[in-house]
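Using only what follows, build the 3D model:
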Amino acid sequence: MNPYITAILLFGLIMGTTITASSSHWLLAWMGLEINTLAIIPLMTQNHHPRAIEATTKYFLTQATAAATLLFASVTNAWLTGQWDITLMTHPIPTTMIILALALKLGLAPLHTWLPEVLQGLSLTTGLILSTWQKLAPFILLLQIPCSNQELLIILGLMSTLVGGWGGLNQTQLRKILAYSSIAHLGWMLLIIQFAPSLTLLALMTYLILTTATFLTLKNNKATNINTLATSWAKAPLLTAATPLLLLSLGGLPPMTGFLPKWLILQELTKQQLPTTAVLAAMTALLSLYFYLRLCYAMTLTMPPNNLASTSLWRLPPLNPSLLLAMSTIMAIFILPLSPAIMALLHL
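Got it, this is the predicted structure:
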């Protein structure tokens, strides 16, 4: 793709998210979401592959449905209450419709079925944008909506953590595994969004760092399924040694960075007199941890002579290390000791 066109599309992504984040009117927020969707569609189809076209079509139809539902709900709210302001959602029916529309945009369970299929048809770079940047605008709107129906958010969050852990167990494609990982992490954020918004922001920031490092690592190794992970030791030994720490951080094991938001979320749920929800969320995290351990095993404890499904490379490709990969990997592994400063900054 022409670099000027790519720059314009990336500018459209940034502008759409900025419009949504800075608006207090539902029409402006809807406009920002639409700009965001239209800007990423050419990036998704740049490979000109039938699988990419199929994924783009699914993504466009899903996002158009969610945007139409959001627009209808905001108009209904204005008709019932006379208010277009995002923070003045008082009627329960349009509020519930908007939450479900944003859940469809994010890929939360049970509205998640499009996300693994779409992510599987994209390149790792576009998949990184879809898994990180495209989550910001809907989450900004979710943080602003005053929702009195806390049961809906807890049900959506628990279903997302369960589906995200259960769905990734029998997957062999790395992009589908990362899609289910995204669903599980977003479920953790939704569990706590009404009780501690700053804690949701911390979990979102941690998720963005970990997912960026994971996608860039897989892109550096040109890995798309579990079998190709077995040859990564020959391409980048140091990166292969650091990747299990990164994957265990995604799983939320101490003393990695991913342990911090999960521990604080469980603590806050217990403070809010929701011990059953905390126990269920913690048990669903074990499901996610299982397929992260599968990836660690395939990458570090399996070599091509013992794994007939993959063969060792006879010519090593040139390495293209990036500053973003190095920074995100270091932050994903070593940021936990800075947690007191981060918590003080967010006033947790």
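
quick one, helices of the stretch 151-300 of the chain?
Using DSSP state H, counting those that start in this stretch, the helices of the stretch 151-300 of the chain run over 174-192, 197-221, 232-235, 237-251, 259-271, 275-300.

hang on, I meant the stretch 1-150 of the chain
Using DSSP H, counting those that start in this stretch, helices in the stretch 1-150 of the chain cover 3-22, 26-44, 50-81, 92-106, 114-120, 124-131, 136-144, 150-167.

Now render those helices as JSON lines, adding mean pLDDT, mean neighbour count and distance to residue 261.
All C-beta spots, glycine's among them, are computed from the backbone N, C-alpha and C. Formatted as JSON lines, the helices of the stretch 1-150 of the chain follow (pLDDT from 0 to 100; neighbours: other C-beta atoms under 10 Å; distance: least, C-beta to C-beta, whole Å):
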{"stretch": "helix 3-22", "mean pLDDT": "93", "mean neighbour count": "15", "distance to residue 261": "21"}
{"stretch": "helix 26-44", "mean pLDDT": "94", "mean neighbour count": "20", "distance to residue 261": "25"}
{"stretch": "helix 50-81", "mean pLDDT": "94", "mean neighbour count": "17", "distance to residue 261": "26"}
{"stretch": "helix 92-106", "mean pLDDT": "93", "mean neighbour count": "21", "distance to residue 261": "17"}
{"stretch": "helix 114-120", "mean pLDDT": "94", "mean neighbour count": "22", "distance to residue 261": "21"}
{"stretch": "helix 124-131", "mean pLDDT": "93", "mean neighbour count": "21", "distance to residue 261": "17"}
{"stretch": "helix 136-144", "mean pLDDT": "92", "mean neighbour count": "21", "distance to residue 261": "14"}
{"stretch": "helix 150-167", "mean pLDDT": "92", "mean neighbour count": "21", "distance to residue 261": "13"}
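
Quick check: mean pLDDT of stretch 279-294?
Averaging pLDDT along stretch 279-294 yields 91.

likewise stretch 175-183?
The model assigns stretch 175-183 a mean pLDDT of 94.

how's the protein carved up into domains?
1-148, 152-310+318-348 (automatic domain parsing).

what about the residue nearest the centre of the chain, distance to residue 130?
Nearest to the mean C-alpha position of the chain, by C-alpha atoms, centre = their mean, lies residue 182 at 3.8 Å. Using C-beta to C-beta, to the nearest Å, residue 182 is found at 9 Å from residue 130.

which residues does the closest residue to the residue nearest to the centre of the chain other than its chain neighbours contact?
Of all residues not flanking residue 182 in the chain, residue 131 sits nearest, at 5.3 Å (C-beta to C-beta, 6 or more residues apart in numbering). Each residue near residue 131 by C-beta atoms under 8 Å, 6 or more residues apart in numbering is listed here: 119, 178-179, 182, 211, 215.

Test my guess that residue 111 contacts residue 100.
Yes: Residue 111 lies in contact with residue 100 (C-beta atoms under 8 Å); the separation is 7.1 Å.

on that earlier part again, looking at the contacts of residue 131, which is nearest residue 261?
The nearest member of the contacts of residue 131 to residue 261, counting by C-beta to C-beta, is residue 211 at 13.2 Å.

Distance of the closest one relative to residue 218?
Counting by C-beta to C-beta, the gap from residue 211 to residue 218 is 11 Å.

For residue 22, which residues are in contact?
Here residue 22 is in contact with no residues (criterion: C-beta under 8 Å, 6+ apart).

Check which residues of stretch 180-198 are buried.
With burial defined by 16 or more other C-beta atoms under 10 Å, the residues of stretch 180-198 counted as buried are 180-196.

Next one: residue 341 relative to residue 10, how far apart?
31 Å.

same deal with residue 204?
For residue 204, the distance to residue 10 - C-beta to C-beta - is 21 Å.

Kindly reformat the contacts of residue 131 as TSV containing distance to residue 170.
Formatted as TSV, these follow (distance: C-beta to C-beta, whole Å):
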residue	distance to residue 170
119	17
178	15
179	14
182	17
211	21
215	22
